[in-house]
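> just coords:
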């Protein structure tokens, strides 16, 4: 067996590359292949340290993790809200602004009146709450969208997969700072 290189494995063995094959060798004094590796090492060769694979092996995997994290981050701001309700937010915000301005159509007024009746609050109070939450949500979403785009560009420009997780962690730290700057706890 002519050893070309050797490297420790995650499970505590040694992966040995020879001129004809790659072999997994257990670290065991009674193993003849292990004895050959020890002789090879005694000749001045080194067994390379184990290097864990990158968390995200490809840019696409890192970008998918980024999107998943952004979804988790924004759901932390919105709370558990069904998609159908989220889809109504623009209409509810427009209705709330119209109610506050005194220009609501019958449909807009009814949209808020119906919800207020169920929650035992005034339509005016509900309108103010909706506008306040919408304003905060738009601040969050605009900043998160910008941060996602910046991080996506950084991932796409990076050639070393080991740096993808560094980029994502720095992004999470930045997001926490952005959340703090607009009065949210992250």
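That came in fine, so what should we check first? The shown structure was predicted, so the numbers you read here are calculated from the model rather than taken from an experiment.
> for this structure, what's the longest helix?
In terms of residue count, the longest helix belonging to the chain (DSSP state H) is helix 123-157.
> can you list the buried residues in that helix?
123, 126-127, 130-131, 133-134, 137, 139-140, 143-144, 147-148, 151-152, 154-155 (16 or more other Cβ atoms under 10 Å). Just so you know, the C-beta spots here come from the backbone N, C-alpha and C atoms, and that holds for glycine as well.
> what helices or strands is it leaning on?
helix 59-78, helix 89-101, helix 106-119, helix 164-181 (3 or more Cβ pairs under 8 Å, 6 or more residues apart in numbering; DSSP states H and E).
> just want the angle from the third one to helix 123-157.
This means helix 106-119. Relative orientation of helix 106-119 versus helix 123-157 (axes from the mean of the first three to the mean of the last three Cα atoms, to 10 degrees): 100 degrees.
> helices or strands next to helix 106-119 in the packing?
helix 89-101, helix 123-157.
> domain parsing of the chain, as residue ranges.
3-42, 59-181 (automatic domain parsing).
> mean pLDDT and distance to residue 51 added to these, as JSON lines?
Formatted as JSON lines, the domains of the chain follow (pLDDT from 0 to 100; distance: least, Cβ to Cβ, whole Å):
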{"stretch": "domain 3-42", "mean pLDDT": "94", "distance to residue 51": "8"}
{"stretch": "domain 59-181", "mean pLDDT": "94", "distance to residue 51": "9"}
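> center of the chain - which residue?
Nearest residue to the geometric centre of the chain (Cα atoms, centre = their mean): residue 69, 2.7 Å.
> doesn't residue 165 make contact with it?
No. Residue 69 is beyond contact range of residue 165, at 11.4 Å (criterion: Cβ atoms under 8 Å).
> shared neighbours of those two, anything?
Here residue 69 and residue 165 share no contacting residue, scored by Cβ atoms under 8 Å, 6 or more residues apart in numbering.
> contact partners for residue 101?
Here residue 101 is in contact with no residues (criterion: Cβ under 8 Å, 6+ apart).
> against residue 166, how distant is it?
As for residue 101, its distance to residue 166 is 48 Å (criterion: Cβ to Cβ, to the nearest Å).
> can you check residue 135 too?
Residue 135 is 34 Å from residue 166, by Cβ to Cβ.
> residue 80 now?
Shown here: residue 80 relative to residue 166, a distance of 31 Å by Cβ to Cβ.
> mind checking which of the two has more residues around it?
Set side by side, residue 80 and residue 166 show more neighbours around residue 166, with 13 against 5, by other Cβ atoms under 10 Å.
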